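S.K.: give the three-dimensional model of this entry:
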Amino acid sequence: MKTAVYFCKCGSINSDGIPLEALRSQLLGTPDLAYIKQVDYLCAEDGKQWLEQDLLEEKPDRVVVAACSPREYEGAFRQVLEHAGMNSYFLQMVNIREQVAWVTPDSAQATAKAAHLIKGAVARAALHRPLQAGEIEASPNVLVIGGGPAGLKAALTLAEAGRRVVLVEKQPVLGGMPVKFEELFPTMECGPCMLEPVLGDIFHGKYAENIEVLTLSHLVGVTGYLGNFNATIEQAPRFVDETNCIGCGMCIPVCPVTTANEFNCGLDQRTAMALPFAGAMPNVPFLDNSLCVRSKGEACQLCLEACPVEGTVQFDQSVQRIERKVGAVVVAIGATLYDCSNLPALGYKQFDDVYTSMEFERLLASNGPSGGTVTTRAGDVPRSVAIVHCVGSLDRNHIPYCSGVCCQYAFKFNHLLTSKLPGLKIHHFYKELVMPGKEEFALYEHCANNPDSGFTRFAEIAELSVVAEGGAKRVALKQAGREPISVAADMVVLCPAVIPAEDSIGLGQMLEVTRDKQGFLEELNGRLHSTQSKIKGVYLAGTCQGPMDLQKALTMGTAAAGYVLSELVQGRKLEIDPISASVDADKCSGCKICGAVCPYKAIAHQADGNAEVNALLCHGCGTCVAACPSGAITGNHFTNDQILAEIEAMLR
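M.R.: Residues are numbered from 1 along each chain as shown. The predicted structure is shown next:
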């Protein structure tokens, strides 16, 4: 075996502290070591070209590169070996920057340490086997779950790139949470107006034919892996034909059944035949069959008779199961708000005019239950409003983290209230004030400079309470070592923490995507790969992975689409990394321990119980190799023999 060692000399490594001749003398007699050469700036283009030429001339069997971190440069040096006609997996790297030069200032110690690492690498490289990346056909189509801002942006970005997209939304219309916000912080833009161009492009734009929109739908099953997922979607009947409906809404007012309107947080009523709001898309009413008197045996046809287009209202529609093959899944199911009832001292659902922030959004909206007029339940104009920040947030007994957006919409409320009701007294109770970004400070400044606005900081939510005496409400604060504070409040607005959507649990289990300790869907890495999940082919976008504002949610949707486009290139097969685990069926006992410990869900079990590794999902982490009690699993390129040979050579 002829093994070559190439030693990089550069300022980053400070290889002057490891003299080549001293290193060469310590490597004398190393089995299989043919030669060692020092190269200036081996990772530079000139260095790589020199290395390629030298490999062509010397024709070594194996190559050891002593340089910087393999995480940064192993891929580049593998390409050099390929260009020189060698199998790229005949390379072994030694990290003499972080592991030697940067941590061992003494020259003699650094030289000895580098020599031991190189000896180990030479012994290991002798056992390297030629590996080849495999290829499989992959579907370029994408499933996007969630029709909020992040999902819409991901779907549109993918469609513009020529991909076929299946957009699944459980609600009857698209838009998510922002369609409920008449104005958005920090610039007070109209939420529905901002999303309208995106929605227009989804339904009627140049690339609309690439997007299949499935409302009133949810994912009920998925099998497969990156490039080859089979998704099963269940779509509830709308009882209105979307292709025939002209959106006139004549079927709605004749409906005799009413219920609490969830779009307005239950603050007013809607009919069983309904459209959540004017301008909703698709602009097609839906019939809530659980409320319709027909489901109770009555022969009502009022909506059918009122419809001017024959065949539009269809009572015979049923649940549909839809199968789609896709190459990737983007999860953008959003989030929800913490239940303020968990903090009974704040009076939510106990006293009139105590609202959550979402309820207050709808009260302020011109298309809300009060038409944007701010009055108490008794119909009076409020003289004072208390806004309680951090409801449930930054609290070990409730939600430990800060949602990051609550302060901004609280300052937005302050701005809107002072515009609608000049002279209104507004008081903010807060634990911390958060206003990151280049534009966000403006709303706080407007609020802080308002003589009718006040601020009080509190430490624990347990010290805060809403009390009512003689029909008048006030917010009382009792903190240890301080004078009690009592502020009159005709209305109280509670700003609760943003928490994971209820669908996160079931959907996470179905897709085998892990959840973090807060319950949000977990990223592969929160900094480096924030839109990738730990399952290859499943991407995350928007508040399903944590609290964020609209700008970040839209950005994450675009980023997720970018990952899909780079991973699944149309017309190109999907490459399978050969550094993965493989199972010896003759040794496998079918104990299923490997499948239980695999963090990437890459191991399945055949009918005979034997384990089978999906190389496309496997990250080569070796967890299953270490866990297998019968030694049936081998980590390609990280075999037991290779690792033991490296250790033994280093210890000689």
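S.K.: ok, now which ones touch Lys349?
M.R.: Cys340, Ser341 (C-beta atoms under 8 Å, 6 or more residues apart in numbering). Placement of C-beta: from N, CA and C, glycine included.
S.K.: likewise Cys624?
M.R.: Ala581, Cys594, Val597, Cys598, Ile603, Ala611, Val613, Ile633 are the contacts of Cys624 under C-beta under 8 Å, 6+ apart.
S.K.: now do the SS call for it.
M.R.: Here Cys624 is helix, with the state taken from DSSP: H, G, I helix; E, B strand; the rest coil.
S.K.: what about the closest residue to it other than its chain neighbours, distance to Glu135?
M.R.: What sits nearest to Cys624 in space, not counting adjacent residues and going by C-beta to C-beta, 6 or more residues apart in numbering, is Cys594, at 3.9 Å. For Cys594, the distance to Glu135 equals 25 Å [C-beta to C-beta, to the nearest Å].
S.K.: repeat that for Phe315.
M.R.: 51 Å.
S.K.: can you check Asn610 too?
M.R.: Following C-beta to C-beta, the distance that separates Asn610 from Glu135 is 25 Å.
S.K.: Asp353 now?
M.R.: From Asp353 across to Glu135, the span is 64 Å (C-beta to C-beta).
S.K.: so for those two, which residue has more residues nearby?
M.R.: Higher neighbour count among Asp353 and Glu135: Asp353, with 21 against 11, using other C-beta atoms under 10 Å.
S.K.: how about the more buried one: what's its closest non-neighbour residue?
M.R.: Met491 (4.6 Å).
S.K.: tell me, how many residues neighbour Leu42?
M.R.: 26.
S.K.: and the one residue sitting closest to the centre of the chain, how far is that from Ala476?
M.R.: Closest residue to the average C-alpha location of the chain: Leu540 at 3.0 Å, with C-alpha atoms, centre = their mean. With distances taken as C-beta to C-beta, Leu540 is found 42 Å from Ala476.
S.K.: ditto for Gly327
M.R.: Taken as C-beta to C-beta, the span from Gly327 to Ala476 is 57 Å.
S.K.: okay, the two: which has more neighbours?
M.R.: Neighbours per residue (other C-beta under 10 Å) separate Gly327 from Ala476, with Gly327 holding more: 25 against 14.
S.K.: can you name the residues that contact that one?
M.R.: Going by C-beta under 8 Å, 6+ apart, the list of residues near Gly327 reads Ala138, Ser139, Pro140, Asn141, Val142, Leu226, Gly227, Asn228, Phe229, Gly537, Val564, Leu568.
S.K.: farthest-apart pair in these, please.
M.R.: Asn228 and Val564 (14.1 Å; C-beta to C-beta).
S.K.: between the two, which one's more packed in?
M.R.: More neighbours surround Val564 than the other of Asn228 and Val564, with 28 against 17 (other C-beta under 10 Å).
S.K.: confirm that one sits in a helix?
M.R.: Yes: the assignment for Val564 is a helix, going by three-state DSSP.
S.K.: that one reaches Tyr539, doesn't it?
M.R.: Yes: between Val564 and Tyr539 there is a contact under C-beta atoms under 8 Å: 6.4 Å.
S.K.: overlap in contacts, those two.
M.R.: Ala328, Val330.
S.K.: could you list the domains of this protein?
M.R.: Here the domain parsing of the chain from automatic domain parsing is 3-125, 136-236+319-334+501-575, 239-318, 338-497, 577-636.
S.K.: for the second one, measure first residue to last.
M.R.: The straight-line separation of the ends of domain 136-236+319-334+501-575 (C-alpha to C-alpha, to the nearest Å) is 7 Å.
S.K.: now do the same end-to-end measure for stretch 469-482.
M.R.: Stretch 469-482: ends 23 Å apart by C-alpha to C-alpha.
S.K.: which of the residues in that stretch are buried?
M.R.: Buried positions in stretch 469-482, judged by neighbour count with 16 or more other C-beta atoms under 10 Å: Lys473, Arg474, Val475, Leu477.
S.K.: among these, which lie within helices?
M.R.: For the buried residues of stretch 469-482, not one is inside helices, with DSSP state H as the criterion.
S.K.: JSON lines please, covering those and showing pLDDT.
M.R.: Shown next, in JSON lines, are the buried residues of stretch 469-482 (pLDDT from 0 to 100):
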{"residue": "Lys473", "pLDDT": "91"}
{"residue": "Arg474", "pLDDT": "91"}
{"residue": "Val475", "pLDDT": "92"}
{"residue": "Leu477", "pLDDT": "91"}
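S.K.: can you lay out those as a markdown table showing distance to Gln408?
M.R.: Shown next, in a markdown table, are these (distance: C-beta to C-beta, whole Å):
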| residue | distance to Gln408 |
| --- | --- |
| Lys473 | 25 |
| Arg474 | 26 |
| Val475 | 21 |
| Leu477 | 23 |
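S.K.: just name the closest of those residues to Val63, please.
M.R.: Taking these together and measuring to Val63 by C-beta to C-beta, the closest member is Leu477, at 69.7 Å.
S.K.: report the beta-bridge partners for the closest one.
M.R.: Applying DSSP bridges to Leu477 yields these beta-bridge partners: Leu464, Ile485.
S.K.: and the gap between it and Ser107?
M.R.: Taken as C-beta to C-beta, the span from Leu477 to Ser107 is 65 Å.
S.K.: please apply the same query to Cys255.
M.R.: For Cys255, the distance to Ser107 - C-beta to C-beta - is 87 Å.
S.K.: of these two, which one has the most company?
M.R.: Higher neighbour count among Cys255 and Ser107: Cys255, with 22 against 13, using other C-beta under 10 Å.
S.K.: contact partners for that one?
M.R.: Contacts of Cys255 (C-beta under 8 Å, 6+ apart): Thr271, Ala272, Met273, Ala274, Leu302, Cys303.
S.K.: what's the closest of the residues you listed to Gly29?
M.R.: Nearest to Gly29 among these, with distances taken as C-beta to C-beta, is Ala274, at 84.7 Å.
S.K.: is the closest one in contact with Phe286, as I believe?
M.R.: Yes: between Ala274 and Phe286 a contact is recorded at 6.6 Å, counting by C-beta under 8 Å.
S.K.: bridged to the spatially closest residue to Ser217 that is not a sequence neighbour, which residues?
M.R.: Take Ser217 and drop its neighbours on the chain: the residue closest to it by C-beta to C-beta, 6+ apart is Gln235, 4.2 Å away. Taking DSSP bridges as the rule, Gln235 bridges to Ser217, Gln320.
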